[in-house]
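Student: The sequence and its predicted three-dimensional model are supplied below.
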Amino acid sequence: MQEYIWANSIRYALVVPNSSGNGNVSVIVAGESIQQQEDALSVLLKPLLAFGGVALLGAGLGGLFLSNRALAPARLAWTNQQRSIADAAHELRTPLTLLRADAEVLLRSHGQLEEEDAMLLEDIVAETSHMSNLASNLLTLARLDNSTSHQDTRL
């Protein structure tokens, strides 16, 4: 027996061979309308779609709320890190400037220094300049991360 759905009805077909043996077959078809079931399903479809839409919207809003709440500590840590980097860079610039200035003052009296001491002072000046540039770059990066306007202030 085979089942067919056709024109809002379900039909069953059964092939019966003819007993006369001449090769003819008969088909018995029986069916029942499924319109009532389709009507009931279409009535249920609208509330289910509405409930699904509301549930999806609620899940989206709830996820947004929970993700913002979960990210709050990370945002606070990021802000504290940026402030620490900016403070450290700012605090490093002053002693580096003083070291460089002192080394340059000593280099001006080059005639009174031994050659080895003069080379050491030149290395100190070069390295403090390099470290000052690094501190300035750190400060610039911290300002950029905080989305504030910045000026390139190199020593």
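Tutor: Sure thing, it's come through. Residues are numbered from 1 along each chain as shown.
Student: average pLDDT for the host helix or strand of residue 11?
Tutor: Element membership of residue 11, judged by DSSP states H and E, is strand 9-17. Confidence for strand 9-17, expressed as mean pLDDT, is 73.
Student: partner strands of it, parallel or antiparallel?
Tutor: As defined by DSSP bridges, the strand partners of strand 9-17 come to strand 2-6 (antiparallel), strand 25-33 (antiparallel).
Student: Going by mean pLDDT, which of these comes out lowest?
Tutor: Note on these: lowest mean pLDDT is at strand 2-6, with a mean of 57.
Student: so what does the helix or strand that contains residue 49 touch, helix or strand wise?
Tutor: Per DSSP H and E, residue 49 falls inside helix 35-108. Packing partners of helix 35-108 (3 or more C-beta pairs under 8 Å, 6 or more residues apart in numbering; DSSP states H and E): helix 115-145. The C-beta positions use only the backbone N, C-alpha and C, and glycine is treated the same way.
Student: Show me what the helix it packs on packs onto, helices and strands only.
Tutor: helix 35-108.
Student: show me the contacts for residue 16.
Tutor: For residue 16, the contact set (C-beta atoms under 8 Å, 6 or more residues apart in numbering) comprises 25, 26, 27, 28.
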